[in-house]
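Engineer: From the sequence below, what's the structure:
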Amino acid sequence: MGIEIEDKFDVPVDYRLPDLTGLRGSTGVVGPKTHRLVALYFDTPDLRLAARGITLRRRRGGTDPGWHLKLPKAKGVRQEITHPLTRSAKIVPVELADLVLAYTRGAPLAPIAELDTRRSVTTLVNGAGVGLVEIADDQVKGTVFGEEPHVERWREVEAELLQGEERLLRKVGKRLGKAGAVPAGSASKLARLLGGAGAVSERPRAETAPGSAGEVVLEYLTSQVGALLAQDPRVRKAEEEAVHQMRVAARRLRSVLKSFKTVVEGTDDLRKELKWLGTVLGEARDLEVIRERFARRLDSLDDALIEGPVRARLSSDLLDDEHEALDRIRDIMSGERYFALLDALDDLTGTPVLTKAAKKPADTLRAVAAKSWRRVTRIYDTAQAVEDESEREIAMHEVRKAAKRARYTAEVIGMMKLAKRAEAVQEVLGSHMDGVVAQERLAAEAGNARLAGEDTFTYGVLTGVERVAAARAWEEFPRIWEKTRVAVAKIL
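Structural biologist: Below you'll find the model as predicted:
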């Protein structure tokens, strides 16, 4: 997977590319070199990819022929996934088709348009001849397929960062602008072509009053739905932290829907499905966390304390289990239940059921944050009243979950001081729980090692380390709680 950092410009047909020599950060200009690129674009019959700003194409010609999948920009960069050319020009490789399942949801992919581009490439280089910024001057002929094909011609310029610094890219953009280029009105050539053909329908958007409670809540929900979808292809590729980020997005959505059910109603079933998704993701995430935790613990031990094949059992064996869990996740994420959940999330952001409270000023949401924190203190008081210590520890787990919900609730309305205080409670209780869970896993792995005739000494050492870590967090909690209680009283 690559990251594209580029700027696109619309230019008139008689545009003259300016002199690009003398820009600080580069020492020379190579080109122009001319290529012909023919790209065949794929989508569902109702253009689900185009509606999300995603392009999937098979391109011949130029320096990078092959299949290209471009995902929407995030924070100014655009992810591109490539695949070598295949024999079939009309069947999308399974590897790429799987990565857009969150958008196609099982609908077939077929050619929907073609772009025939005459490209003139100029490259800014450094003293060693290494390309820094590539400027592509494109003359384009686009065709949208159909009973009555739509044909359009235009010219545009793209400046893409190769190995230079972003400030050099900005300087190139300024010089292009002085010559008459303006920022592109479309995110991609395909978007421009389909827009001109009137082929893409706008996705539904809820109408909310500026500064209203409904606007604030829906903006947050929309951002989290986007975050969840963005992680889908990364989870399928088993990229680092992807399962965690997707699980966090699902948890945030579920928590916020529950906290703000007075603003957005009718989400009970959706919350249940988000909980299901979190559970599906949980197994692989928990294995990832515990594997990385044990690796750090082992690295911190003196070599003399490590006996037997403990690293293999706590690393490669756990990794095998993690891969199996990821395979199960991929299977579930290719099924109808998951697709139905994504449809429900589309309905949530596009056609939500808003209450009268949604029309009230956003400031009225502070009462929801206050109520969410009172819930934390109520659960805490209940837990502290439990006499049995082991049962009290279990009850404190509910305090951690309540603090997490209070944190997410505060984040929605920008009460970041409250969110940070709630996070502090969540983190210290989470550290205690992590230590307890680690001890339980070590006991199980030690049992397996014993059955295999392996030395279990190191498992005992690690158990002692985890017991100390859990106890330290437990002892630290009263101080954190008191500090948080005083601070929150001032905030609310």
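Engineer: going forward, measure contacts between C-alpha atoms and count neighbours the same way
Structural biologist: Will do.
Engineer: now the helices: where do they sit in the stretch 251-400 of the chain?
Structural biologist: 268-300, 310-314, 316-332, 336-350, 366-384, 389-412 (DSSP state H, counting those that start in this stretch).
Engineer: mind putting those in CSV, mean neighbour count, distance to Gly22 and mean pLDDT included?
Structural biologist: Shown next, in CSV, are the helices of the stretch 251-400 of the chain (neighbours: other C-alpha atoms under 10 Å; distance: least, C-alpha to C-alpha, whole Å; pLDDT from 0 to 100):
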stretch, mean neighbour count, distance to Gly22, mean pLDDT
helix 268-300, 17, 49, 95
helix 310-314, 17, 56, 92
helix 316-332, 16, 51, 93
helix 336-350, 17, 49, 96
helix 366-384, 17, 55, 95
helix 389-412, 21, 47, 93
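Engineer: Identify whichever of those helices lies nearest to Val486.
Structural biologist: Closest approach to Val486 among the helices of the stretch 251-400 of the chain (C-alpha to C-alpha): helix 366-384, 12.2 Å.
Engineer: Please export the C-alpha coordinates of the closest one as CSV.
Structural biologist: C-alpha atoms of helix 366-384 as CSV (Å, rounded to 0.1, in the frame of the first residue of the first chain):
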residue,chain,number,x,y,z
ARG,A,366,-23.6,19.3,28.4
ALA,A,367,-26.4,17.9,30.6
VAL,A,368,-25.8,14.5,28.9
ALA,A,369,-22.1,14.6,29.7
ALA,A,370,-22.9,15.4,33.3
LYS,A,371,-25.4,12.5,33.5
SER,A,372,-22.8,10.2,32.0
TRP,A,373,-20.3,11.1,34.7
ARG,A,374,-22.8,10.7,37.5
ARG,A,375,-23.3,7.2,36.2
VAL,A,376,-19.6,6.5,36.7
THR,A,377,-19.7,7.7,40.3
ARG,A,378,-22.9,5.7,41.0
ILE,A,379,-21.3,2.5,39.7
TYR,A,380,-18.1,3.3,41.7
ASP,A,381,-20.1,3.7,44.9
THR,A,382,-21.9,0.4,44.3
ALA,A,383,-18.5,-1.4,43.6
GLN,A,384,-17.0,0.0,46.8
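Engineer: Which strands or helices does it pack on?
Structural biologist: Under the contact definition 3 or more C-alpha pairs under 8 Å, 6 or more residues apart in numbering; DSSP states H and E, helix 366-384 sits against helix 389-412.
Engineer: need the helices of the stretch 251-400 of the chain in a markdown table with distance to Arg119, can you?
Structural biologist: Below are these laid out as a markdown table (distance: least, C-alpha to C-alpha, whole Å):
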| stretch | distance to Arg119 |
| --- | --- |
| helix 268-300 | 44 |
| helix 310-314 | 53 |
| helix 316-332 | 39 |
| helix 336-350 | 38 |
| helix 366-384 | 55 |
| helix 389-412 | 46 |
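Engineer: who wins for proximity to Ile81 among these?
Structural biologist: Of the helices of the stretch 251-400 of the chain, the one closest to Ile81 (C-alpha to C-alpha) turns out to be helix 316-332, at 18.3 Å.
Engineer: okay, the angle between that closest one and helix 336-350?
Structural biologist: 70 degrees (axes from the mean of the first three to the mean of the last three C-alpha atoms, to 10 degrees).
Engineer: Can I get helix 316-332 in PDB? Just the C-alpha atoms.
Structural biologist: Extracted in PDB, the C-alpha atoms of helix 316-332 (Å, rounded to 0.1, in the frame of the first residue of the first chain):
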ATOM      1  CA  SER A 316       4.800 -17.600  17.400                       C
ATOM      2  CA  ASP A 317       2.100 -19.800  19.000                       C
ATOM      3  CA  LEU A 318       0.100 -16.700  19.900                       C
ATOM      4  CA  LEU A 319       0.700 -15.200  16.500                       C
ATOM      5  CA  ASP A 320      -0.700 -18.400  14.900                       C
ATOM      6  CA  ASP A 321      -3.800 -18.100  17.000                       C
ATOM      7  CA  GLU A 322      -4.000 -14.400  16.000                       C
ATOM      8  CA  HIS A 323      -3.800 -15.200  12.300                       C
ATOM      9  CA  GLU A 324      -6.600 -17.800  12.700                       C
ATOM     10  CA  ALA A 325      -8.700 -15.200  14.500                       C
ATOM     11  CA  LEU A 326      -8.100 -12.700  11.600                       C
ATOM     12  CA  ASP A 327      -9.200 -15.300   9.100                       C
ATOM     13  CA  ARG A 328     -12.500 -15.700  11.000                       C
ATOM     14  CA  ILE A 329     -12.800 -11.900  11.000                       C
ATOM     15  CA  ARG A 330     -12.400 -11.800   7.200                       C
ATOM     16  CA  ASP A 331     -15.000 -14.500   6.700                       C
ATOM     17  CA  ILE A 332     -17.500 -12.600   8.900                       C
END
